[in-house]
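1. sequence unknown, structure follows:
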């Protein structure tokens, strides 16, 4: 049985990639989904690790949000233009090894044009894409699951194992989330509640994942605010977090 490699950029689509990973793991098994370069041990050459992990998969999903193409480093250079950009390395490795690559568009993203991409991933522009939307998430993932099944050795996609997914209603206060980094669970719940007004049901998952790398509540608010597309909405969210 093969495996699915989910390639994504944290600043662009961490929430959607995490939710997709959970849904595909429920359908195909956690052993069939590889998502994060955080799993690479310290001291290991990440370029070699990426090539080995991608090379061991049967299909790569390139999750693209609105900022995937234009994301920049601190020096102002576009990340994709760096040969050491991990997203570029992941996709280039899959294309070179003729591993199927499926662009997965989220948050209203559009497919990049060939001339906008580095040469080693230019072929990505000609791959058929799928779109995942908040409103049709369940049905969109079901369609994607059926498309992925043959790559994993299934005649058709198995039914997902029933597991709880975050469900956030705009007027419902979330239950406290237990974490080990010292952040107050009740405060995290309030942040997720505010965030849900702007990005919908994946807000709690976004907060959970961001909390693993944040130390203070302001850090958490600033991190998850990047999931909100409109600058005015981000400002309103951050203002609400300060109260």
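-> Nice, thanks for sending it over. As the structure is a prediction and not an experimental result, all values here were calculated from the model.
2. Assign residue 47 to helix, strand or coil.
-> For residue 47, the secondary-structure state derived from DSSP: H, G, I helix; E, B strand; the rest coil is helix.
3. what's the answer for the one 5 residues further on, then?
-> Three states are possible here, and by three-state DSSP the one that applies to residue 52 is helix.
4. What separation do you get for it and residue 222?
-> Between residue 52 and residue 222 the distance, using CB to CB, to the nearest Å, works out to 34 Å. C-beta: built from backbone N, CA, C; applies to glycine.
5. Correct me if wrong: residue 31 contacts residue 2.
-> No. The pair residue 31 / residue 2 is not scored as a contact, 10.7 Å apart, by CB atoms under 8 Å.
6. between these two, who's got more neighbours?
-> Between residue 31 and residue 2, counting by other CB atoms under 10 Å, residue 2 is the more crowded of the two (17 against 9).
7. Go ahead and confirm residue 114 touches residue 121.
-> No. Using CB under 8 Å, residue 114 is not in contact with residue 121; the gap is 9.7 Å.
8. the more surrounded of these two?
-> residue 121 (24 against 13).
9. Which helix or which strand is home to the nearest residue to the more buried one once chain neighbours are set aside?
-> In space, not counting the residues next to it along the chain, residue 121 is nearest to residue 91; the distance is 4.7 Å by CB to CB, 6 or more residues apart in numbering. Per DSSP states H and E: residue 91 is located in helix 86-96.
10. and what of residue 13?
-> In the assignment (DSSP H and E), residue 13 maps to helix 10-28.
11. Just after that helix, pick out the following helix or strand.
-> On the C-terminal side of helix 10-28, the nearest following helix or strand under DSSP H and E is strand 33-34.
12. Name every strand pairing with that following strand and say which way it goes.
-> The strands beside strand 33-34 in its sheet (DSSP bridges) come out as strand 4-7 (parallel).
13. The helix holding residue 91: which residues count as buried?
-> By neighbour count with 16 or more other CB atoms under 10 Å, helix 86-96 contains the buried residues 86, 87, 88, 89, 90, 91, 92, 93, 94, 95.
14. Next, the buried residues of the helix or strand that that helix is followed by.
-> Proceeding N to C from helix 86-96, the next assigned helix or strand is strand 101-106, under DSSP H and E. Along strand 101-106, the positions that meet the burial threshold by neighbour count (16+ other CB under 10 Å) are 101, 102, 103, 104, 105, 106.
15. In TSV, list the residues you listed along with pLDDT and distance to residue 152.
-> Output for the buried residues of strand 101-106, formatted as TSV (pLDDT from 0 to 100; distance: CB to CB, whole Å):
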residue	pLDDT	distance to residue 152
101	96	15
102	96	13
103	97	19
104	97	16
105	96	22
106	93	22
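16. Quick check: of those residues, which lies closest to residue 184?
-> Of all those, the one sitting nearest residue 184 is residue 106; the distance, using CB to CB, is 29.9 Å.
17. For that closest one, which residues are in contact?
-> In this structure, residue 106 makes contact with 13, 16, 63, 64, 65, 131, 132, 133, judged by CB atoms under 8 Å, 6 or more residues apart in numbering.
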